[in-house]
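Engineer: What follows is a predicted structure for the sequence shown.
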Amino acid sequence: MISIIICSINAQNLAKLKVNIKETIGVPFELIAIDNSKTSKGICRVYNQGAQQAKFPVLCFVHEDVLFATLNWGRNICEHLSDKQTGLLGLAGGDSKSRVPSSWSIPIKSNEINIYQHYKREKKEPMHIVETSPGNASKKRVVALDGVFLCTRKDVFEQFQFDEKTFTGFHGYDIDFSLQVNTKYNNYVIFDIVVHHFSDGTPDKKWIESAKLISNKWKKALPVSIYPLAEAEANLYHWKSLQVFLQKLFELKYPLPIIFQNYLVYSFNQYFTVRRFVSMGKYVFLSSLKKPNSLGRNFN
């Protein structure tokens, strides 16, 4: 029923995951693990290659640094995807995507997250992170999903593939694929399986450049949300997203001229107001005087 596709760079992690999937999935499956430890192909290319080899109607693209805690989780995936209006499932996502370069984690109203996170960089205990909008549904609609776990049907994938021409590395592929599928289907975060995630990625400059590629590719369609956006709401969302983006540029120690250039590029559009432009300009100036670690929270 399910073809599981993995871009593998760690044989030890892959071996653990193979055993874990066999013990927990609860439905017929095949594992298509493509060794990328020496070739370093972009993840889009690897995932497309794996999908071409798949023989089952459900495709799951999974990072190898996870383990499944829910028995028979494959049945839940198949049940969710039996709804033909459902296009893509994941474990973390946001209800909106701004035109400004960003992750999925800047919502209009709420993020939807269901993942058991383990930390390597921080001295924190593992924790089951659950963030959701009101209601107890087993799935919540989002626009963009995180790539740690993405499931779709083969008929959906035949219409939308990972963009290996634009995204040649290991970032941006998930949001771009989500936006593609969202043009025709509904995307969801699911809450009836639990997955342990054993790494905590931190956005770097490669991530920033991929985020810019997304904004450029989708500039005519963004912002997009599961909610109808009133003009004032869209305006506030844009400037909120811009502040987070500029904050990340400071944290990554981009040169001030580059930061100022991005400030201008994403200010002059239909959301421009003198008040917000001046306010954001003050933020840029004051942030340029601060140390990177004083600029607030990171992206998820």
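Structural biologist: Structure's in. What do you need? On a predicted model such as this, the values are computed, not experimentally measured, just so you know. Numbers count the residues shown, from 1 in each chain.
Engineer: only C-alpha atoms for contact and neighbour calcs from this point on.
Structural biologist: OK.
Engineer: Got the domain ranges for the protein?
Structural biologist: 2-205, 230-294 (automatic domain parsing).
Engineer: of all those domains, which lies closest to L222?
Structural biologist: domain 2-205 (4.9 Å; C-alpha to C-alpha).
Engineer: now the end-to-end length of the closest one.
Structural biologist: 35 Å (C-alpha to C-alpha, to the nearest Å).
Engineer: Assumed N114 was part of a strand.
Structural biologist: Yes. Counting by DSSP: H, G, I helix; E, B strand; the rest coil, N114 is found in a strand.
Engineer: I'd guessed it sits against V130; true?
Structural biologist: Yes. Under the criterion of C-alpha atoms under 8 Å, N114 is in contact with V130, at a separation of 4.7 Å.
Engineer: neighbour count winner among those two?
Structural biologist: Legend: neighbour count by other C-alpha atoms under 10 Å for N114 and V130, higher for N114 (23 against 14).
Engineer: Okay, that one and K184: tell me how far apart.
Structural biologist: Distance from N114 to K184, by C-alpha to C-alpha: 24 Å.
Engineer: same thing with K55?
Structural biologist: For K55, the distance to K184 - C-alpha to C-alpha - is 24 Å.
Engineer: Contacts only, for L256.
Structural biologist: By C-alpha atoms under 8 Å, 6 or more residues apart in numbering, the contact set of L256 is S288.
Engineer: And D200, by the same measure?
Structural biologist: Q117, H118, Y119, K120, R121.
Engineer: From the residues you listed, which land in helices?
Structural biologist: Using DSSP state H, no member of the contacts of D200 sits in helices.
Engineer: and the least confident of these?
Structural biologist: Lowest pLDDT of these: R121, 80.
Engineer: I'd like the distance between that one and S199.
Structural biologist: 9 Å.
Engineer: So these two - more neighbours on which side?
Structural biologist: S199 (13 against 10).
Engineer: Could you pull up phi and psi at that one?
Structural biologist: phi -140, psi 160 (degrees, to the nearest 10).
Engineer: I'd guessed it sits against H118; true?
Structural biologist: Yes. If you go by C-alpha under 8 Å, S199 and H118 touch, sitting 6.3 Å apart.
Engineer: Give the buried residues for the helix ranked longest in the chain.
Structural biologist: The residue-count maximum for a helix in the chain (DSSP H) belongs to helix 231-251. Within helix 231-251, the residues that count as buried by 16 or more other C-alpha atoms under 10 Å are 234-235, 237-251.
Engineer: Ok, stretch 187-198 next?
Structural biologist: Result for stretch 187-198 [16+ other C-alpha under 10 Å]: buried residues N187, Y188, V189, I190, F191, I193, V194, V195, H196, H197, F198.
Engineer: distance between it and the chain's centre?
Structural biologist: 13 Å (C-alpha atoms, centre = their mean, to the nearest Å).
Engineer: what's the answer for stretch 174-181, then?
Structural biologist: With C-alpha atoms, centre = their mean, you get 9 Å for stretch 174-181.
Engineer: from here on, count from 22
Structural biologist: Let's use 22 as the start, then, which means that last one is stretch 195-202.
Engineer: what about the helices in the stretch 72-221 of the chain?
Structural biologist: In the stretch 72-221 of the chain, the helices defined using DSSP state H, counting those that start in this stretch lie at 94-102, 175-178, 194-203.
Engineer: what's the nearest residue to W260 if we skip its chain neighbours?
Structural biologist: By the measure of C-alpha to C-alpha, 6 or more residues apart in numbering, the closest residue to W260 outside its immediate chain neighbours is R297, 7.5 Å from it.
Engineer: which SSE is the one you found in?
Structural biologist: helix 295-309 (DSSP states H and E).
Engineer: For that helix, C-alpha coordinates in CSV please.
Structural biologist: Output in CSV follows, covering the C-alpha atoms of helix 295-309 (Å, rounded to 0.1, in the frame of the first residue of the first chain):
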residue,chain,number,x,y,z
VAL,A,295,4.9,55.1,5.2
ARG,A,296,4.2,54.3,8.9
ARG,A,297,5.2,50.6,8.6
PHE,A,298,8.1,51.4,6.3
VAL,A,299,9.6,53.9,8.8
SER,A,300,8.9,51.6,11.8
MET,A,301,10.7,48.7,10.0
GLY,A,302,13.5,51.1,9.1
LYS,A,303,14.0,51.9,12.8
TYR,A,304,14.0,48.2,13.6
VAL,A,305,16.7,47.6,11.0
PHE,A,306,18.8,50.5,12.4
LEU,A,307,18.5,49.4,16.0
SER,A,308,19.1,45.7,15.2
SER,A,309,22.3,46.7,13.4
